[in-house]
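Q: model the following, please.
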Amino acid sequence: MSDFFDKKLLGKSSEFATVIRAARIVAMTDVLILILGESGTGKELLAQAIHLHSRRKQGPFIAINCAALPETLAESELFGHRKGAFTGAIADQQGRIQAANGGTLFLDEVGDLPLSIQAKLLRFLETGECQVIGKTRADKVDTRVIAATHRDLYVQTQRSEFRLDLYYRLNIVPLELPPLRKRLDDLEMLQHTFTKQLAQQHNLPPPHYSNATLKQLRRYTWPGNIRELRNFCERLLILFSGKTIEPTNLPREIQLDKTAASHQSDGFTLPETGINLQALEIEMIRQALHKTYGNRSQAARLLGLTRDTLLYRLKK
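A: You can find the predicted model right below:
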């Protein structure tokens, strides 16, 4: 019988499968998890899957988008408040942390959480104590936290936009979902699955994609990732139900991206002012190691090198 991972997190590409295997392992623990990835890659779905395969699956799964929290309300939304604690507090309000007691709190876009709240969140993560606004005594709360962000939190710490101690506390087990452009082996399967599901939902015959169309879709960079692909499938289903979709039927941005993709395939464009090749190589290796948290094999793959070649260049 398929589980939530199999039903909702579809894909067999190597990078994606590695993340899912790690997620299944950490789901059985209460360790803090930081899900990384571009917008639209499925970070909340992964958090839900981890919750449903944990010992907390009978408890609540509470999600909150930190980017949508006004700074003046963020503390109250997370920690709750007592009646009369501040102007406008006309009744007691339970915070999201308490609401997720016995379950999981998913902090989406945690990189956008106001600095003024980060210290209080850090204390909760370290002690399990939730300090309600207007209450003198902190309450113990058994809530697991899974955070997610599309930002580079380490870079934010260097800009004093994110607390370094909170970054290290959250970054115990990072899981990075690859963008769709890096898992194109899954593209046709995802497109077929979404089209089939949406055809049943709308009670319409699915369209057929010609081979030329499928090739064009593989050349597109999919900046909106899985979310963009699903929306694309729904649009084409509604407009071309039961018909064959040719490249000329594709949205304008996908047709235009063909030129951009062909330019990108030509390689790096040398600036008129020239470059320092050695400095560029050092910087690319540094970035690759940072993105893969020091994993040299993965860094080598990002750079298009063998592991031995990367090790040689590191020594050099």
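Q: quick one, phi psi at residue 286?
A: phi -60, psi -40 (degrees, to the nearest 10).
Q: if you could redo that for residue 93, that was the one I meant.
A: phi -130, psi 130.
Q: number the chain from 59, please
A: All set: I'll call the first residue 59, so the last point we hit is now residue 151.
Q: quick check: it vs residue 140, distance?
A: Distance, residue 151 to residue 140, by CB to CB, to the nearest Å: 8 Å. C-beta here means a position set from N, CA and C on the backbone, and glycine is covered the same way.
Q: now do residue 78
A: Applying CB to CB, the value for residue 78 to residue 140 is 42 Å.
Q: for residue 127, same thing?
A: As judged by CB to CB, residue 127 and residue 140 stand 20 Å apart.
Q: pick out whichever of the two has more residues nearby.
A: Comparing residue 127 with residue 140 by neighbour count (other CB atoms under 10 Å), the higher total belongs to residue 127, at 20 against 15.
Q: how about the contacts made by that one?
A: Contacts for residue 127 were tallied using CB atoms under 8 Å, 6 or more residues apart in numbering; they are 135-136, 170-172.
Q: repeat that with 7 Å
A: Residue 127 sits next to residue 135 when contact means CB atoms under 7 Å, 6 or more residues apart in numbering.
Q: can you check residue 298 too?
A: 265, 307.
Q: hmm, try it at 6 Å
A: residue 265 (CB atoms under 6 Å, 6 or more residues apart in numbering).
Q: kindly report the same for residue 269.
A: For residue 269, counting by CB under 6 Å, 6+ apart, there are no contacting residues.
Q: gap between it and residue 246?
A: 11 Å.
Q: cool, residue 80 as well?
A: Taken as CB to CB, the span from residue 80 to residue 246 is 25 Å.
Q: try residue 149
A: 53 Å.
Q: the more surrounded of these two?
A: Neighbour totals were compared for residue 149 and residue 246, and residue 246 leads with 13 against 8 (other CB under 10 Å).
Q: host element of the closest residue to the more buried one other than its chain neighbours?
A: Of all residues not flanking residue 246 in the chain, residue 272 sits nearest, at 6.2 Å (CB to CB, 6 or more residues apart in numbering). Per DSSP states H and E: residue 272 is located in helix 269-277.
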